[in-house]
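Peer 1: Okay, sequence plus prediction incoming.
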Amino acid sequence: MPYDLTSPLVIGISSRALFDLEEENRIFEEQGLEAYADYQIRNENRPLGPGAGFELVKAFLRLNTLKPERRLVEVVILSRNSPDTSLRIFKSIEHYGLDITRAALTGGASVAPYLSSFSTDLFLSAYAPDVQEAINTGFAAGILLTPGAAMSPAPEVNPIRIAFDGDAVLFGAESERIFQQSGLEAFQAHERALADDPLPKGPFANFLMTLSNIQGMFPDREKAPIRTALVTSRSAPAHERAVKTLRKWKVRVDEAFFLGGVSKKDVLKSFGAHIFFDDQHAHADPASQVVASAVVPYREGDAPTD
């Protein structure tokens, strides 16, 4: 029988999101594909360093040791590398003992069409066009910000800590559009008036629900191996609609921070996030200095300023 990927949580990740390929990417951009391929083949037996998504992937794969009777997580490499240039990637996977056996190697073509083939729940890549295509077709996806201090391997921290912005990430972009176009006062009045009406689902709503299902497999919620946080620029009175929406979805985040414009960076550092998802570079870029961070692009035609 074929292996069913609809049961575990499936994380698709590009090679540059998993490993530190910044120098290799520079060679590709400045000297072209042939120089890049020659460099990778010459260095085939030299392991790559960890990238921005490395610790997150390690943490997720550790979940498979908690339920020996079933695999909770699968990780799939979704890469524009060719099979020939990918050998260094697989040797690095073996070097670090990562339990990853599946890959789609597209030789420069888009990887987004293969997300459904692997039942992908989350896609992380440093290449914005692939992430945009994934978002447009309904997948939770983020552009992982690869430079920065968060690329350094961090000590193992349990549980896995995942932080989300609210509007345009967990929730739809409609309320964010009102804020961008009409200002804070109009936004707060709108949210107060609709406090009892659930916000529409954003691109990461289903991913949050999947994480919640995994948390529910452990009898003591406080000791579950995943901890989630809502880290949003919302503040009172606009917080109420967000809380009631999560309640309507039957999803409980473990922590919530309604910051009202205060920088998210220090809160995320204190929370110890393995990754943070936000729709704006203004929040994700500073956060990437202390935690791995990913920008969630707007769905096509959904940008608040459109």
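Peer 2: Perfect, thanks for sending it.
Peer 1: which residues of this protein score low on pLDDT?
Peer 2: Within the chain, the segments meeting pLDDT under 70 span 148-157, 305-306.
Peer 1: Span of stretch 103-115 from start to end?
Peer 2: Between the start and the finish of stretch 103-115 there is a gap of 11 Å, counting by Cα to Cα, to the nearest Å.
Peer 1: how near is residue 54 to residue 42?
Peer 2: As for residue 54, its distance to residue 42 is 23 Å (criterion: Cβ to Cβ, to the nearest Å). The way it works is simple: take the backbone N, C-alpha and C, and place the C-beta from them, glycine included.
Peer 1: Between those two, which is the more surrounded one?
Peer 2: Just comparing residue 54 and residue 42: by other Cβ atoms under 10 Å the higher neighbour count belongs to residue 54, 24 against 10.
Peer 1: mind listing what the closest residue to the more buried one other than its chain neighbours touches?
Peer 2: Excluding the flanking residues, the one nearest residue 54 by Cβ to Cβ, 6 or more residues apart in numbering is residue 18, at 5.9 Å. Contact criterion Cβ atoms under 8 Å, 6 or more residues apart in numbering gives 51, 53, 54, 57, 77, 89 as the residues in contact with residue 18.
Peer 1: In a markdown table: the residues you listed, plus secondary structure.
Peer 2: Rendered in a markdown table, the data for the contacts of residue 18 read as follows (DSSP: H, G, I helix; E, B strand; the rest coil):
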| residue | secondary structure |
| --- | --- |
| 51 | coil |
| 53 | coil |
| 54 | helix |
| 57 | helix |
| 77 | strand |
| 89 | helix |
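Peer 1: quick one: which of these is nearest to residue 116?
Peer 2: Here the nearest of the contacts of residue 18 to residue 116, counting by Cβ to Cβ, is residue 77; it sits at 16.4 Å.
Peer 1: okay, now the closest residue to that closest one other than its chain neighbours: neighbour count?
Peer 2: The shortest distance from residue 77 to any non-neighbouring residue, by Cβ to Cβ, 6+ apart, is to residue 103 (3.9 Å). Neighbouring residues of residue 103 were enumerated by other Cβ under 10 Å; the total is 21.
Peer 1: The one 4 residues further on now?
Peer 2: By other Cβ under 10 Å, 13 other residues sit near residue 107.
Peer 1: ok, it - contacts?
Peer 2: 80, 81, 82, 83.
Peer 1: This structure: strands as residue ranges?
Peer 2: With DSSP state E, the ranges of strands along the chain come out as 9-13, 19-20, 49-50, 73-79, 102-105, 122-125, 141-144, 160-164, 226-232, 255-258, 275-278, 293-295.
Peer 1: could these be laid out in a markdown table, adding distance to residue 286?
Peer 2: Conversion of the strands of the chain to a markdown table gives the following (distance: least, Cβ to Cβ, whole Å):
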| stretch | distance to residue 286 |
| --- | --- |
| strand 9-13 | 23 |
| strand 19-20 | 21 |
| strand 49-50 | 22 |
| strand 73-79 | 28 |
| strand 102-105 | 33 |
| strand 122-125 | 19 |
| strand 141-144 | 16 |
| strand 160-164 | 14 |
| strand 226-232 | 12 |
| strand 255-258 | 15 |
| strand 275-278 | 10 |
| strand 293-295 | 9 |
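Peer 1: Looking at those strands, spot the one closest to residue 197.
Peer 2: With respect to residue 197, and counting by Cβ to Cβ, the nearest of the strands of the chain is strand 226-232 at 17.8 Å.
Peer 1: The closest one pairs with which strands, parallel or anti?
Peer 2: Sheet pairing here is set by DSSP bridges, and for strand 226-232 it gives strand 160-164 (parallel), strand 255-258 (parallel).
Peer 1: wait, isn't residue 275 in contact with residue 295?
Peer 2: No: because the distance of 11.7 Å does not satisfy Cβ atoms under 8 Å, residue 275 is recorded as not touching residue 295.
Peer 1: Tell me which of those two has more neighbours.
Peer 2: When residue 275 and residue 295 are compared on other Cβ under 10 Å, the one with more neighbours turns out to be residue 275, at 25 against 20.
Peer 1: and that one, bridged to which residues?
Peer 2: residue 162.
Peer 1: for it, what are its contacts?
Peer 2: Residue 275 makes contact with 53, 56, 142, 162, 163, 291, 292, 293, 294, according to Cβ under 8 Å, 6+ apart.
Peer 1: any idea how far residue 163 is from it?
Peer 2: Computed with Cβ to Cβ, the distance linking residue 275 and residue 163 is 7 Å.
Peer 1: Mutual contacts of these two, please.
Peer 2: residue 291.
Peer 1: Count the residues that sit near residue 102.
Peer 2: For residue 102, the tally of surrounding residues (other Cβ under 10 Å) stands at 14.
Peer 1: burial measure for the residue nearest to it when sequence neighbours are not counted, as a count.
Peer 2: Spatial nearest neighbour of residue 102, excluding adjacent residues (Cβ to Cβ, 6+ apart): residue 76 at 4.5 Å. For residue 76, the neighbour count with other Cβ under 10 Å is 23.
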